[in-house]
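Visitor: Sequence and computational prediction follow.
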Amino acid sequence: MPAPTPARVPLSALDLVPLSAGRSVTDALREAVELARRLDAAGYRRLWYAEHHNTEAFASSATAVLIGQALAATERIRVGSGGIMLPNHVPLTVAEAFGTLANLYPGRVDLGLGRAPGTDMRTAMELRRGHAGHDTFEADVRRLVRLFGGQEQEAVRAPVARDTDVPLWILGSSTGGAEVAARLGLPYAFASHFAPAMIMDAIALYRQRFDAGAPTATVERPYVVVAANVLAADTDEEARRQFTTHQQLVRGIARNDRGPLQPPVDRVELTAPEAAMVEQHLAVSAVGTPERVVADLDQIVEITRADELMLNSYAHDPEVRARSLELVAQAW
């Protein structure tokens, strides 16, 4: 008898609620809720929203609000942050927001935490009311662990968060986040969809130093989520054409022009430095027919030994994006 096919890792999705040229913020927010419904029906394990500020490209700044809307519109899928940029918030308010969500939707809320501002430094200073201060990321994560627990030792408490045990994840694009995740015994998600350069170093460090006995540990062994860009369509040619919207987005970053998503084109005009940035930025991508995308994702899992994939997809037409993610799930 032939050997059984090994089970594939779970698929999840990341949504920054992209804004498309010619469409409104209202359109994008409504489409985000509809996408959540479709991902739920397609069998995705989780859906995460990522906090961004002062950008014309994304509408995911009020992350907890989006999570609440998606939870209300779905039945099974876990919904969370990928992530909340912790330097922009005090742990108490994060615990109150996510504790409230966890009480309303028990067992379906995730809290991914990042240490970057998710914006430019001027906006970051305004979010922090002018107080940049020193790095308190790890201490803030430990405080959240206590707030989502019994709160016995806390002088200031968050009753709505008590004993909700909201799962915490550490996000990262370098070895810094990997070190924190390993030391605290928390699951780790690597942002290889836009910063893949250090992926193997970060994952290796996380697995080597993981402390399952840490008081903050929530998983018994290292658990790694790897993010990947995808665009699936009926033909390779159509997928590559639709993917030019994402390439134009990265070109805009290179030109410091972070505008809304542009329609696909036959060819993206790039200078040599821009082409190098696009290639580096989108190195972890799978584009083509569903079968080709699945084959590329299988290779990513084989190389990284990921426990889960977090798929990121952009298209000017929201229907193209939703169908792309559905096609991948069906083929997976």
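Guide: Received the coordinates, thanks. Computed from a predicted model, the values in this text were never measured in an experiment. Numbering: from 1, shown residues only.

Visitor: can you give me the strands for this structure?
Guide: Ranges of strands in the chain, per DSSP state E, are 11-15, 46-49, 78-85, 109-114, 168-172, 188-190, 224-232, 285-288, 308-312.

Visitor: domain ranges for the chain?
Guide: 9-166, 228-332 (automatic domain parsing).

Visitor: For Phe210, which of those is the nearest?
Guide: domain 228-332 (12.4 Å; Cβ to Cβ). Every C-beta, even on glycine, is put in place using the N, C-alpha and C of the backbone.

Visitor: I'd like the average pLDDT over the closest one.
Guide: Taken as a whole, domain 228-332 carries a mean pLDDT of 97.

Visitor: end to end, how far does that domain reach?
Guide: 14 Å (Cα to Cα, to the nearest Å).

Visitor: how distant is that domain from the center of its chain?
Guide: 15 Å (Cα atoms, centre = their mean, to the nearest Å).

Visitor: Flag the shaky bits of the stretch 1-150 of the chain, pLDDT-wise.
Guide: The stretch 1-150 of the chain contains residues with pLDDT under 70 at 1-6, 117-120, 123-124, 127-134.

Visitor: residue ranges for the helices of it, please.
Guide: 25-42, 63-73, 91-104, 121-127, 137-147 (DSSP state H, counting those that start in this stretch).

Visitor: Redo those as TSV? Include mean neighbour count and distance to Gln248.
Guide: Below are those laid out as TSV (neighbours: other Cβ atoms under 10 Å; distance: least, Cβ to Cβ, whole Å):
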stretch	mean neighbour count	distance to Gln248
helix 25-42	17	17
helix 63-73	20	24
helix 91-104	20	34
helix 121-127	14	23
helix 137-147	19	33
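
Visitor: Redo those as a markdown table? Include distance to Trp169.
Guide: Formatted as a markdown table, those follow (distance: least, Cβ to Cβ, whole Å):
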| stretch | distance to Trp169 |
| --- | --- |
| helix 25-42 | 18 |
| helix 63-73 | 14 |
| helix 91-104 | 12 |
| helix 121-127 | 21 |
| helix 137-147 | 10 |
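
Visitor: so which of those comes closest to Tyr188?
Guide: Nearest of the helices of the stretch 1-150 of the chain (Cβ to Cβ): helix 137-147, 12.3 Å.

Visitor: then the closest one to PDB, C-alphas only?
Guide: Taking C-alpha atoms only, helix 137-147 is exported to PDB below (Å, rounded to 0.1, in the frame of the first residue of the first chain):
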ATOM      1  CA  PHE A 137       8.100  45.100  25.900                       C
ATOM      2  CA  GLU A 138       9.000  42.000  27.900                       C
ATOM      3  CA  ALA A 139       7.800  43.500  31.200                       C
ATOM      4  CA  ASP A 140       4.500  44.500  29.600                       C
ATOM      5  CA  VAL A 141       4.000  41.000  28.200                       C
ATOM      6  CA  ARG A 142       4.600  39.500  31.700                       C
ATOM      7  CA  ARG A 143       2.100  42.000  33.100                       C
ATOM      8  CA  LEU A 144      -0.500  40.900  30.500                       C
ATOM      9  CA  VAL A 145       0.000  37.300  31.500                       C
ATOM     10  CA  ARG A 146      -0.800  38.200  35.000                       C
ATOM     11  CA  LEU A 147      -3.900  40.300  34.000                       C
END
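
Visitor: by contact count, what packs against it?
Guide: helix 91-104, strand 109-114, strand 168-172, helix 175-184 (3 or more Cβ pairs under 8 Å, 6 or more residues apart in numbering; DSSP states H and E).

Visitor: just how off-centre is the third one within its chain?
Guide: With Cα atoms, centre = their mean as the basis, the distance from the averaged C-alpha position of strand 168-172 to the chain average is 10 Å.

Visitor: same deal with the second one?
Guide: How far strand 109-114 lies from its chain's middle: 9 Å, per Cα atoms, centre = their mean.

Visitor: Please tell me how far Ala95 sits from Thr235.
Guide: Noted for Ala95: a distance of 48 Å to Thr235, by Cβ to Cβ, to the nearest Å.

Visitor: cool, Val166 as well?
Guide: 42 Å.

Visitor: who has more neighbours, the two?
Guide: Using other Cβ atoms under 10 Å as the criterion, Val166 and Thr235 rank with Val166 on top: 21 against 10.

Visitor: list the contacts for that one?
Guide: 98-99, 102, 109-111, 148 (Cβ atoms under 8 Å, 6 or more residues apart in numbering).

Visitor: Switch the residues you listed over to CSV; also include distance to His193.
Guide: As requested, the contacts of Val166 are arranged in CSV below (distance: Cβ to Cβ, whole Å):
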residue, distance to His193
Phe98, 23
Gly99, 29
Ala102, 27
Val109, 22
Asp110, 17
Leu111, 20
Phe148, 27
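
Visitor: tell me which of the residues you listed is nearest to Ala239?
Guide: Closest to Ala239, out of all of the contacts of Val166 and judged by Cβ to Cβ, is Asp110, at 29.2 Å.
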